[in-house]
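1. need coordinates for the following:
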Amino acid sequence: MTSKEKRPVLYSFRRCPYAIRARLAIAYAGIPVELREVVLKDKPAELLAASAKGTVPVLVLPEGRVIDESRDIMRWALQQADPDGWLFCDDNDWVWEMEGLIQENDFVFKQHLDRYKYADRYPERPMEYHREQCEVTLRKLETHLERNGGYLVCRRPTLADMAIFPFIRQFAHVDRTWFAQSPYPKLQHWLDNLLASELFRAVMDKYPRWQPGQPGVVFAQTE
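-> Model prediction:
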């Protein structure tokens, strides 16, 4: 197989929200990659050689270029194919809105989400405090969903929806009873719809741990 025929290699971990959103974009774009499922407590040397950060996802392109930020992997995939226009918005204000929501998710919401989910690691504040901080973002998302007919930026899915929803999924799983009774019906419906989508189900298959020297799983094979 020549270098032109080699598939990109994606290092991934099934439950990681960053890896989930990268897989969503790759699968949506129909790009076949070699998926290497890793265990983060025992990272393979190949992953660390590709990206010293040692986090997932990491995408290694056939020519050797490495993309190790999930948002950048999503954008790379959508630049190859974007059939439903996840990146396209009719209004420039939507673009800024989309970017702002993703930035808040990644740099504010995620920080409190980690402390909410792993409260025993952060004993300086109770988990309820961090849940309340997360709710600042949840209320904003609820408002966006109500205003835009069920999606975050406009009346169809965009990059914002797909980049954020794996983190809302993670939040909801911390205390499912609380989330089910929370005052965010639009957000609950939005999450349920995305979780039930064929695209999400397609990227959540369970794969065995990748073993060095062995090929990974062919993922997102185009038909």
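2. all helices of this structure, in order?
-> Secondary structure of the chain by DSSP state H: the helices cover 17-29, 45-50, 70-80, 92-104, 110-117, 127-147, 159-174, 176-181, 185-195, 198-203.
3. now mean neighbour count and mean pLDDT too, for the ones you listed, in a markdown table please.
-> Every residue, glycine included, has its C-beta placed from N, CA and C. Output for these, formatted as a markdown table (neighbours: other CB atoms under 10 Å; pLDDT from 0 to 100):
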| stretch | mean neighbour count | mean pLDDT |
| --- | --- | --- |
| helix 17-29 | 25 | 98 |
| helix 45-50 | 15 | 97 |
| helix 70-80 | 19 | 97 |
| helix 92-104 | 16 | 89 |
| helix 110-117 | 19 | 97 |
| helix 127-147 | 17 | 98 |
| helix 159-174 | 22 | 98 |
| helix 176-181 | 11 | 98 |
| helix 185-195 | 17 | 98 |
| helix 198-203 | 15 | 97 |
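4. Trp86: which of the ones you listed is closest?
-> helix 159-174 (4.7 Å; CB to CB).
5. what lies in contact with stretch 134-143?
-> With CB atoms under 8 Å, 6 or more residues apart in numbering as the test, stretch 134-143 has contacts from 101, 104-105, 108-109, 112-113, 116, 152, 164, 168, 171, 182, 184-187.
6. for stretch 166-181, same thing?
-> Outside stretch 166-181, the residues within contact range by CB under 8 Å, 6+ apart are 17-18, 20-21, 24, 105, 109-110, 113, 116-117, 131, 134, 138, 141, 187-188, 191, 195.
7. and stretch 50-58, by the same measure?
-> Against stretch 50-58 from outside (CB under 8 Å, 6+ apart): 10-13, 16, 18-19, 22-23, 38, 40, 43, 47-48, 60, 66-68, 70, 73.
8. cool, stretch 94-109 as well?
-> With contact meaning CB under 8 Å, 6+ apart, stretch 94-109 is reached by 71, 89, 134, 136-137, 140-141, 144, 152-154, 158-160, 163-164, 167.
9. swap the cut-off to 7 Å and go again
-> Stretch 94-109 is contacted from outside by 71, 89, 134, 137, 152-154, 158-160, 163-164, 167, using CB atoms under 7 Å, 6 or more residues apart in numbering.
10. which two of those have the greatest separation?
-> The distance between the two most remote of the contacts of stretch 94-109 (CB to CB) is 26.4 Å, for Cys89 and Cys134.
11. please name the nearest non-neighbouring residue to Gln133.
-> His112 (4.1 Å; CB to CB, 6 or more residues apart in numbering).
12. that older thread, let me know which of the helices of the chain is the nearest to Lys6.
-> Lys6 lies closest to helix 45-50 among these, at 14.4 Å (CB to CB).
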